[in-house]
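>>> Sharing a model prediction with you, sequence too.
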Amino acid sequence: MRQAVLILGMHRSGTSAMAGISHLLGAAAPATMMATAADNPTGFWESLPIAGINEAMLTALGTRWYDCLPLDTTAVDARSRQLATARCTAVITSEFADAACFVIKDPRFSLLLDLWLPAFAAMNLAVAPVLALRHPTEVLASLRRRDGMPPDIAGPLWLHYTLEAERLTRNRPRAVLSYDALLHDWRGSLERVTAEAHITWPVPIDTAASNIAAFLRPQLRHHYAAPRAAAAARPPIADWIAETYDALRRIEAGDDAGQFARLDQVRADFAPWRARAPRVSDADATALLVPRTIGSSNAAGGR
């Protein structure tokens, strides 16, 4: 069976690092990749057409990548789902041809996985989700540096992506991979991810070891958070972020007991907050629509 290594997680959380490593382990990269950038010189490993489709899906659902508006993909009608499945199947074929193993990465999958699963099933693909996790303080600092995104937007957004990525992949083989663990012990982390997500790499880890070590350059990490540092957001968001991050680090360490209940409680508490939260206006969002986040021009190219 063909295998899709699916990288999920909040923007700026190490998703590109795991995608690049997957390619070094033999997973095919997309045919039409985003260009490298100063803030990500080793590459995004992200398909422009797939990101465009995902941004178009979010727009159709009344939101964008930078808004924590609650999503209800179950409300999508049957006809629209059929069209989405056909479109997703076509783009997977065009981007990965008949590759036996490929890496597919876009943080928006954290929100839209339900709409892609029928396409994966129709193509008889085994999906191996890997949830990239990075200390939220570092993520918020990175988003402020890259996009000028303030904590009042970035904090809820971190919760939105992280909670949804966990919920949509729960009860299936998957792995949580923190950026800290990857940089501290990449070999042990990859061996664990391989086992937990049931991944069969075309290239053995030992064979790719020197290339992986060269790829993971610690100097590319620009933001560090103290182990117990709180996210730079205000309560109650800061409290929910801390609870979510701790629960996922425990899941990563193999301690699942009680963690799902903790995450479900945060999700329940967060839901009414974000239902009342003000939306990010077009004026506020202008500075966030940098080209690689798939603005209107790139999204059209992905149709």
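That came through, no problem.
>>> what about the strands in the stretch 1-150 of the chain?
2-8, 101-105, 125-133 (DSSP state E, counting those that start in this stretch).
>>> W201 is nearest to which of those strands?
Nearest to W201, of all those, is strand 101-105, at 7.1 Å by CB to CB. Every C-beta, even on glycine, is put in place using the N, C-alpha and C of the backbone.
>>> looking only at pLDDT, what's the mean for the closest one?
Strand 101-105 comes out with an average pLDDT of 97.
>>> And D72, how close does it get to R267?
14 Å (CB to CB, to the nearest Å).
>>> Tell me which of those two has more neighbours.
R267 (16 against 8; other CB atoms under 10 Å).
>>> Contacts only, for the more buried one.
Shown in contact with R267 (CB atoms under 8 Å, 6 or more residues apart in numbering): 163, 167.
>>> ok, now M1?
124-126.
>>> Low-confidence ranges, this structure, go.
36-43, 218-232, 282-303 (pLDDT under 70).
>>> Try it again at 80.
35-44, 217-233, 280-303 (pLDDT under 80).
>>> can you pull out the helices in it?
Under the criterion DSSP state H, the chain contains helices at 15-24, 48-60, 78-96, 109-122, 136-147, 151-169, 179-184, 186-196, 205-215, 237-252, 259-276, 282-285, 296-301.
>>> okay, those, which one's buried deepest?
Among the helices of the chain, ranked by average contacts under mean count of other CB atoms under 10 Å, first place goes to helix 15-24 (a mean of 25).
>>> other SSEs contacting that one?
The contact analysis (3 or more CB pairs under 8 Å, 6 or more residues apart in numbering; DSSP states H and E) places helix 15-24 against strand 2-8, strand 101-105, strand 125-133, helix 179-184, helix 205-215.
>>> Redo the ones you listed as CSV? Include distance to T162.
Listed next are the helices and strands packed on helix 15-24 as CSV, based on distance: least, CB to CB, whole Å:
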stretch, distance to T162
strand 2-8, 9
strand 101-105, 16
strand 125-133, 7
helix 179-184, 13
helix 205-215, 25
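>>> Select, out of the ones you listed, the one closest to Y245.
Here strand 125-133 is closest among the helices and strands packed on helix 15-24 (CB to CB), at 7.5 Å.
>>> got a list of contacts for the closest one?
In contact with strand 125-133 (CB under 8 Å, 6+ apart) are residues 1-10, 13-15, 17-18, 92, 113, 117, 120, 162, 165-166, 169, 172-179, 193, 197-199, 245, 248-249, 252.
>>> What is the neighbour count of the residue lying closest to L131 once chain neighbours are set aside?
Once flanking residues are discounted, L131 sits nearest to V176: 4.7 Å by CB to CB, 6 or more residues apart in numbering. When neighbours are counted by other CB under 10 Å, V176 registers 25.
>>> Next: D98.
Residues contacting D98 under the criterion other CB under 10 Å number 8.
>>> tell me the contacts of it?
R2.
>>> Roughly how far does it sit from L111?
Here D98 is placed at a distance of 29 Å from L111 (CB to CB).
>>> and if you look at P150?
If you go by CB to CB, the gap between P150 and L111 works out to 21 Å.
>>> How about L71?
L71 is 6 Å from L111, by CB to CB.
>>> what is in contact with those two at once?
E164.
>>> quick revisit: quick one: closest of the helices and strands packed on helix 15-24 to A257.
strand 125-133 (18.5 Å).
>>> ok and the closest one relative to helix 78-96, angle-wise?
Angle, strand 125-133 to helix 78-96, by axes from the mean of the first three to the mean of the last three CA atoms, to 10 degrees: 90 degrees.
>>> mind listing what strand 125-133 pairs with, with the direction of each?
Paired strands of strand 125-133, with direction, are strand 2-8 (parallel), strand 175-178 (parallel) (DSSP bridges).
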